[in-house]
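structure for this input, please:
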Amino acid sequence: VAPSIHTDPQAPGLVPPPSPTAPAAGETQPVHCGAVDGLLGAMLATTVKKFGDHEAFVAFGSSMTYDKFWKKSRKLAIFLQKKLGLKKDDRIALMMPNIMQYPIALFASWMCGLVVVNVNPLYTAPELVKQLRDSDVATIIVLANFAHELQHAVSETRVRNVIVTEVGDACGLIKSFFIN
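Residues are numbered from 1 along each chain as shown. Next up, the predicted model:
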């Protein structure tokens, strides 16, 4: 089965709640919140409530507040569940370096109760095949710079969903145009 390629995880009609509390009437939320329901989730929720407008991440001259991080993580979590059909304990691979999309993808995965498999973005196609087969991954989020190796490996794995992100995607519209 050929994998579906998603380059824009902005799922239309799925709006995350404005805060780390229960969603307002009519809002969508991830079905299962996995590890984020526990101590880690409580810590993040407290941080978002207390420091929501403070910078959480800075990269390439752009910053992201805790509140924006929470919203983006929830939006991606909803996409993973509602559009891709991922369920608790499914495995998702993250193949990217230390960029702003990594913590978003990590927390979104945890919100869904997914098992995160970190993949070295410098792996060759044969190394990717081995790791993706061994870990039984069906979905991967990859930085576009490394997607060419994945392209050579994906047909020999169980991967059915590939989400591609670019370095500047989390840097705002104007900066992303120049960075990407």
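
can you tell me the centre-most residue of the protein?
Nearest to the mean C-alpha position of the chain, counting by CA atoms, centre = their mean, stands residue 105 at 2.1 Å.

could you name the helices and strands sitting against the helix or strand hosting residue 132?
Secondary structure assigned from DSSP states H and E places residue 132 in helix 125-135. Under the contact definition 3 or more CB pairs under 8 Å, 6 or more residues apart in numbering; DSSP states H and E, helix 125-135 sits against strand 91-95, helix 147-153. Using the backbone N, CA and C atoms, a C-beta is placed for each residue, glycine as well.

only the buried residues of that helix, if you could.
Along helix 125-135, the positions that meet the burial threshold by neighbour count (16 or more other CB atoms under 10 Å) are 128-129, 131-132, 135.

and stretch 42-52, by the same measure?
Neighbour-count burial for stretch 42-52, with 16+ other CB under 10 Å as criterion, is recorded at 44-45, 47-48, 52.

cool, stretch 109-121 as well?
109-117, 119, 121.

mind putting these into TSV with distance to residue 152, pLDDT and secondary structure?
Rendered in TSV, the data for the buried residues of stretch 109-121 read as follows (distance: CB to CB, whole Å; pLDDT from 0 to 100; DSSP: H, G, I helix; E, B strand; the rest coil):
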residue	distance to residue 152	pLDDT	secondary structure
109	25	91	helix
110	30	88	helix
111	31	86	helix
112	28	87	helix
113	31	87	coil
114	25	92	coil
115	25	93	strand
116	23	95	strand
117	19	97	strand
119	14	97	coil
121	14	95	coil
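
show me the shaky parts of the protein.
Counting by pLDDT under 70, the ranges of the chain that qualify are 1-38, 41, 60, 168-180.

what about the strands in it?
Across the chain, reading from the start of the chain, the strands by DSSP state E fall at 4-6, 55-59, 62-65, 91-95, 115-118, 139-143, 161-165.

for residue 84, which of these is the nearest?
strand 161-165 (5.2 Å; CB to CB).

can you give the strand pairings for that closest one, parallel or anti for each?
Pairing partners of strand 161-165, with direction, according to DSSP bridges: strand 4-6 (parallel), strand 139-143 (parallel).

deepest-packed of the strands of the chain, please.
Of all the strands of the chain, strand 139-143 carries the top mean neighbour count, a mean of 25, counting by mean count of other CB atoms under 10 Å.

tell me which residues are up against that one.
80, 84, 86, 90-97, 99, 101, 105, 119, 121, 132, 150, 159-167 (CB atoms under 8 Å, 6 or more residues apart in numbering).
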